[in-house]
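Participant: this is the structure alone, sequence omitted:
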């Protein structure tokens, strides 16, 4: 089956799903023409009665993966700085106690974020 020109390594996990005949017009309107491919055995002209399929490509997006991984780190830095400042300036708390509390919260945030990232990676590996 010809999928067109692909960059090596671009398709990590692909699934082909047949489109029922009564939904073909709806899918034609919904999906971009670059995603929609006719399923044929030859590169000749495609007859109109040829079944159609969608190629769903699933892979990690590097930008969003970076955002998700860096979110707990950035949140812990913000909490470490903001917690003592608010506690001391607004509530008159002890500096040492508020810094210790902020550091404890920041470590909890980073640990929880690392566990969630580990779970997502585990579920992704088990799904393949």
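Facilitator: Good, I have the coordinates. Owing to the predicted nature of the structure, the values given are computational and were not obtained by experimental measurement.

Participant: going forward, measure contacts and count neighbours with C-alpha atoms only.
Facilitator: Noted.

Participant: got a list of what residue 100 touches?
Facilitator: By C-alpha atoms under 8 Å, 6 or more residues apart in numbering, residue 100 lies in contact with nothing.

Participant: quick one, what contacts residue 117?
Facilitator: residue 69.

Participant: give me the distance between it and residue 89.
Facilitator: According to C-alpha to C-alpha, to the nearest Å, residue 117 and residue 89 sit 35 Å apart.

Participant: go on, residue 103?
Facilitator: From residue 103 to residue 89 the distance is 18 Å (C-alpha to C-alpha).

Participant: and those two? Which one has more around it.
Facilitator: Higher neighbour count among residue 103 and residue 89: residue 103, with 19 against 10, using other C-alpha atoms under 10 Å.

Participant: so is the closest residue to that one other than its chain neighbours in a helix, a strand, or just coil?
Facilitator: Closest residue to residue 103 apart from its sequence neighbours, by C-alpha to C-alpha, 6 or more residues apart in numbering: residue 80 at 5.8 Å. In the three-state summary, residue 80 is assigned as helix, counting by DSSP: H, G, I helix; E, B strand; the rest coil.

Participant: just give me the neighbour total for residue 80.
Facilitator: Count around residue 80 with other C-alpha under 10 Å applied: 21.

Participant: show me the contacts for it.
Facilitator: 99, 102-103, 105-106.

Participant: kindly recompute the last result at 7 Å.
Facilitator: By C-alpha atoms under 7 Å, 6 or more residues apart in numbering, the residues touching residue 80 are 102-103, 106.

Participant: ok, residue 95 next?
Facilitator: 84, 88.

Participant: give me that answer again for 10 Å
Facilitator: By C-alpha atoms under 10 Å, 6 or more residues apart in numbering, the residues touching residue 95 are 84-85, 87-89, 101.
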